[in-house]
Structure formats: structure tokens, C-alpha cells
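**Student:** Need coordinates for the below:
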Amino acid sequence: MAKQSRNDKRLVRHRRVRQNLSGTPEKPRMCVYRSLKNISVQIIDDTTGNTLVAASSLDKDIKSKQAYGGNKAAAKLVGELIASKAKAKGIENVAFDRGGFLYHGRVKELADGAREAGLKF
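**Tutor:** Here you go, the predicted structure:
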């Protein structure tokens, strides 16, 4: 019996969470993806399947402040950026989808940065 990879386990967790979590126009879903070198986040309305707002550590705003996108400081900046973009679009409440990643480290910093900038989960 082959051992499951870490990413396969993450995908199982992600599918399990997504069974009960869906974005609506009133409360869209904030989806996080974390790679080794970067972190990205989208705010999605699942009823229409549209991405309303997106931010990443690859954005020029973040790259100018933080050269490396794979650390907690960059994650916090991405959280603040997504919150400011969401506020500009009139989005205040979101459902947080951690994408099967543990709520720890960079994912937690992103959430804290978004909360501090005024986004509510």
C-alpha cells in the first residue's frame, strides 16, 4: 500500500472543508493557496463562479516591499492588500477557506493581516 503524499492529504482535507463551505454574493469565499516560494489569495463568488478580488506575493506592490514571497512578512502584506482591494469593492465579510493547509504560520499571518485591515471572517 503506497503512502499518501503531503499534497494528497492536503487535497483530501480541502475537499472535506469545501463540502460545507461555499461563497455567496453576500459572503464570498476567501481561498488561500500556499506554495514554497509564494502565497496567493482570491475572493470568489461560488454562485456565479467569478473571482471578485485576487492578490499574491508576486504582485508588484508586494514585490517592491518584500523581495521573497515565501515568508510570514510577505503573507501579512498579501492579507492587508486583499483586504484593501475587497473594501474598495464593497466586500466586508468573507468565509475563510484555508485550502486544506494548516491554520499556522503563513496562512495564519495572511488571515491576521486581512483582519487587521478590516476584513471580517
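**Student:** How about the one residue sitting closest to the centre of the chain: which residues does it bridge to?
**Tutor:** With the centre of the chain defined as its mean C-alpha position, the nearest residue by C-alpha atoms, centre = their mean is residue 32, 2.6 Å away. Taking DSSP bridges, one obtains residue 41 as the residues bridged to residue 32.
**Student:** What sits closest to residue 50 if chain neighbours are left out?
**Tutor:** Of all residues beyond its chain neighbours, the one nearest residue 50 is residue 44 (7.1 Å), with distances taken as C-beta to C-beta, 6 or more residues apart in numbering. Glycine gets a C-beta too; all of them are placed from N, C-alpha and C.
**Student:** What is the subsequent helix or strand relative to whichever strand or helix holds that neighbour?
**Tutor:** If you go by DSSP states H and E, residue 44 is part of strand 39-45. Downstream of strand 39-45, the first helix or strand assigned by DSSP H and E is strand 50-56.
**Student:** That next one pairs with which strands, and in what direction?
**Tutor:** strand 39-45 (antiparallel).
**Student:** The strand it pairs with: which residues count as buried?
**Tutor:** 39-45 (16 or more other C-beta atoms under 10 Å).
**Student:** Widest-spaced pair of those?
**Tutor:** By the measure C-beta to C-beta, 39 and 45 form the most distant pair in those, at 21.6 Å.
**Student:** Which elements pack onto the one helix or strand residue 108 maps to?
**Tutor:** For residue 108, the enclosing helix or strand under DSSP H and E is helix 106-116. Secondary-structure packing of helix 106-116 (3 or more C-beta pairs under 8 Å, 6 or more residues apart in numbering; DSSP states H and E): strand 29-34, strand 39-45, helix 72-89.
**Student:** how about a cut-off of 6 Å?
**Tutor:** helix 72-89 (3 or more C-beta pairs under 6 Å, 6 or more residues apart in numbering; DSSP states H and E).
**Student:** Kindly format the C-alpha coordinates of the helix it packs on as CSV.
**Tutor:** Taking Å, rounded to 0.1, in the frame of the first residue of the first chain, the C-alpha atoms of helix 72-89 are listed here in CSV:
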residue,chain,number,x,y,z
LYS,A,72,5.4,35.4,7.1
ALA,A,73,6.1,39.1,6.4
ALA,A,74,5.0,38.7,2.8
ALA,A,75,1.9,36.7,3.8
LYS,A,76,0.9,39.5,6.1
LEU,A,77,1.3,42.1,3.3
VAL,A,78,-0.8,40.0,1.0
GLY,A,79,-3.5,39.8,3.6
GLU,A,80,-3.5,43.6,4.0
LEU,A,81,-3.6,44.0,0.2
ILE,A,82,-6.5,41.7,-0.3
ALA,A,83,-8.5,43.4,2.5
SER,A,84,-7.9,46.8,0.9
LYS,A,85,-9.0,45.6,-2.5
ALA,A,86,-12.0,43.9,-1.0
LYS,A,87,-13.0,47.1,0.9
ALA,A,88,-12.8,49.0,-2.4
LYS,A,89,-15.2,46.5,-4.0
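**Student:** Many thanks, have a good one.
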